[in-house]
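S.K.: coords please:
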Amino acid sequence: MVHEHDHEEQHITVVDEDGNEQLCEVIHTFYSEEFGKNYVLYSIVGAEEDEDGQIEIFASSFTPAENGEDGELQPIETEEEWALVEEELRAIEDEFDIEIDE
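M.R.: Prediction:
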């Protein structure tokens, strides 16, 4: 049985270390009960693909806003959280045709 996914594109604005705003496309969001946090996987809109045709994927944890506005992004800081994110990426890589660099 095939489920049709409603892939409505979601965009977020991420401010980089230099204070520049980057428009990013949300690839996937998920919640971890273990850490009690939401996570978002995203790529920069218009980013160049590498020689393998891959785009760089970024991950952050976030706190959803109460009023439906964009939540607050936080960096992922622990090895355990990165392991969780990598596991989630592996779970979705076929669906999104992405590859993970180890």
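S.K.: next, E49: secondary structure please.
M.R.: Assigned by DSSP: H, G, I helix; E, B strand; the rest coil, the conformation of E49 is coil.
S.K.: quick one, what contacts it?
M.R.: I55 (C-beta atoms under 8 Å, 6 or more residues apart in numbering). No exception for glycine: its C-beta is placed from N, CA and C like everyone else's.
S.K.: read off the pLDDT value for the residue nearest to V40 when sequence neighbours are not counted.
M.R.: Of all residues not flanking V40 in the chain, T29 sits nearest, at 4.9 Å (C-beta to C-beta, 6 or more residues apart in numbering). Per-residue pLDDT puts T29 at 93.
S.K.: T29 sits in which helix or strand?
M.R.: Per DSSP states H and E, T29 falls inside strand 21-32.
S.K.: how near is the residue nearest the centre of the chain to F62?
M.R.: Nearest residue to the geometric centre of the chain (C-alpha atoms, centre = their mean): L41, 0.6 Å. From L41 across to F62, the span is 11 Å (C-beta to C-beta, to the nearest Å).
S.K.: which parts of the protein are helices?
M.R.: For the chain, the helices defined by DSSP state H occupy 79-96.
S.K.: quick one: low-confidence parts of it?
M.R.: Counting by pLDDT under 70, the chain shows low-confidence ranges at 1-9, 67-71, 96-102.
S.K.: if you set the cut-off to 80 instead, what comes out?
M.R.: Scanning the chain with the threshold set as pLDDT under 80 gives 1-9, 16, 54, 64-71, 93-102.
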